[in-house]
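**Q** A predicted structure for the sequence below; I have some questions about it.
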Amino acid sequence: MATLQMNILSLRLGMQMNFSVYLPSYVPSKENAKKTYAEIYPRGETFKTLWLLPSEYGDDQELIGHTAILRYAEQKGFAVVFPCPLNRQYSNEYPGQKFLDFITDELWTVCHGTFALSEKREDNLIGGVSLGAYGALKGAMRNPEKYGGVLMIGGACEEDLKGGYLAAVNEKIAQEGLIPHLPLDDAPEGDAEILPAAKALRESGTEKPEISIFWAGNDPLAPFAQRAARNLSALGYPVRAKEFADCGDSWEFRDLALKEAIETLPDA
């Protein structure tokens, strides 16, 4: 497998930003034993891609270090892009830095211009863990032409900014002795809420992404993910929801959820 860590000057953020990219590579097998490299890597072939967003604590290396995502992606022949979002709740600030657009517009353009990634909507899945799941859903709701599916491992879909999921995440961060990345008083409210965007997408008649929502039964934030599944189903989105009941810790759950989600995807 080929895993690259890269750095670009982001015009959306006005600063240098890291991101990591995994590209499928040659794996010995009986099927390709006599093939040449030209046959294994044909010109013009593009990869299906998972855009995978980290948790509220994470960077572009978090999921590589804590899960077996590279092995799962290799088995399916998927590329994976890991942004480093600085965890500003994946929000676009007006005026100010555009943390969501950095991923869904700028990084999208850079990666498709640099790597052999498919631009077809059905070949792009955006997902994330915890706050990254929230960010993935937000990205898909605002860019439905780019992503055919959403993978939410935790996360939520809320209309109540200060009484809902983001407030609970900030409280959790504070209880663990850290400073919330974006105090809700500073959050751009119209950008932070997702449910209105989901309603607007439904009413537009645009094709809706398929959504998978997984949560751990012992996670205090599980009710928010459960409510997200109900909210999105009520809006007519195709939703697959599942609880993982017997997980020892958050990363065991996240790894199991990633494994199951990737195994159900069609081979690239």
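**A** Okay, I see it. Residues are numbered from 1 along each chain as shown.
**Q** Tell me where this structure has strands.
**A** For the chain, the strands defined by DSSP state E cover 2-10, 15-23, 49-53, 79-83, 124-129, 149-153, 210-216, 239-244.
**Q** List the buried residues in the second one.
**A** In terms of neighbour count (16 or more other C-beta atoms under 10 Å), strand 15-23 has its buried residues at 17, 19-23. For glycine as for every other residue, the C-beta is placed from the backbone atoms N, C-alpha and C.
**Q** Let's have the strands of the chain in CSV, adding distance to Lys34 and mean pLDDT.
**A** Output for these, formatted as CSV (distance: least, C-beta to C-beta, whole Å; pLDDT from 0 to 100):
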stretch, distance to Lys34, mean pLDDT
strand 2-10, 23, 94
strand 15-23, 23, 97
strand 49-53, 29, 98
strand 79-83, 26, 97
strand 124-129, 33, 97
strand 149-153, 36, 97
strand 210-216, 38, 96
strand 239-244, 40, 96
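**Q** Dump those strands into JSON lines; add distance to Glu176 as well.
**A** What follows is the strands of the chain, written out as JSON lines (distance: least, C-beta to C-beta, whole Å):
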{"stretch": "strand 2-10", "distance to Glu176": "27"}
{"stretch": "strand 15-23", "distance to Glu176": "24"}
{"stretch": "strand 49-53", "distance to Glu176": "20"}
{"stretch": "strand 79-83", "distance to Glu176": "23"}
{"stretch": "strand 124-129", "distance to Glu176": "16"}
{"stretch": "strand 149-153", "distance to Glu176": "19"}
{"stretch": "strand 210-216", "distance to Glu176": "17"}
{"stretch": "strand 239-244", "distance to Glu176": "22"}
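**Q** what's the closest of those strands to Asp105?
**A** Closest to Asp105 of the strands of the chain is strand 2-10 (C-beta to C-beta; 10.5 Å).
**Q** Centre of the chain to that closest one, how far?
**A** Going by C-alpha atoms, centre = their mean, to the nearest Å, the spacing between the C-alpha centre of strand 2-10 and its chain's C-alpha centre is 17 Å.
**Q** Direction included, what does it pair against?
**A** strand 15-23 (antiparallel) (DSSP bridges).
**Q** could you give the angle of the partner strand to strand 49-53?
**A** Angle, strand 15-23 to strand 49-53, by axes from the mean of the first three to the mean of the last three C-alpha atoms, to 10 degrees: 130 degrees.
**Q** and the direction of strand 15-23 versus that of strand 79-83, what angle?
**A** Strand 15-23 runs at 160 degrees relative to strand 79-83, counting by the same axes, to 10 degrees.
**Q** Identify all contacting residues around strand 15-23.
**A** 1-10, 47, 59-61, 64, 69-70, 73, 79-84, 102, 107, 111, 115-116 (C-beta atoms under 8 Å, 6 or more residues apart in numbering).
**Q** Okay then, goodbye and thanks.
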